[in-house]
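**Q** pasted the sequence and its predicted model underneath.
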Amino acid sequence: MHRLILSARQGEFVDHIDGNKLNNVRSNLRIATKAGNQRNQSIRSDNTSGFRGVYWCKKSGKWRAQITVNNKRIALGSYDDAASAASAYNEAALRLHGEFAKINYISKRKEDVS
């Protein structure tokens, strides 16, 4: 249905901005490249950190952040906590993926709010 709404041609991808495949309102749809469409995917089911682009490195005992651009992984650094690594990923995603960036939601911890 989303392809019909945008009159997408053969080989064009249609991206749901909010990630909800059932929300086919025209304002939620955009033509995308294959790479742009993949950048807007949800977190994988085997993700253990809860954040996109963040993983635990046993060797260093720290959280690592990385992002993939043009099939190349870019290391963004090591961090003491997952939220800091997620923040580094968010900054890189906005800079490198633009409107197709899917950023992490980082909630404030109770001790940070006081």
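**A** Cool, the structure landed.
**Q** for the residue nearest the centre of the chain, give its distance to Gly19.
**A** By C-alpha atoms, centre = their mean, the chain has its centre lying nearest to Lys102, at 3.3 Å. Separation of Lys102 from Gly19 (C-beta to C-beta, to the nearest Å): 7 Å. For every residue, glycine as well, the C-beta is placed using N, CA and C.
**Q** and if you look at Arg52?
**A** Counting by C-beta to C-beta, the gap from Arg52 to Gly19 is 12 Å.
**Q** over to Ala85?
**A** Distance, Ala85 to Gly19, by C-beta to C-beta: 22 Å.
**Q** rewinding a little: who are the neighbours in contact with the residue nearest to the centre of the chain?
**A** Counting by C-beta atoms under 8 Å, 6 or more residues apart in numbering, Lys102 touches 19, 39-42, 52, 93.
**Q** quick one: classify it as helix, strand or coil.
**A** Counting by DSSP: H, G, I helix; E, B strand; the rest coil, the backbone at Lys102 sits in coil.
**Q** pLDDT value on it, please?
**A** Note on Lys102: pLDDT of 86.
**Q** what do you get for Val113?
**A** We have a pLDDT of 41 for Val113.
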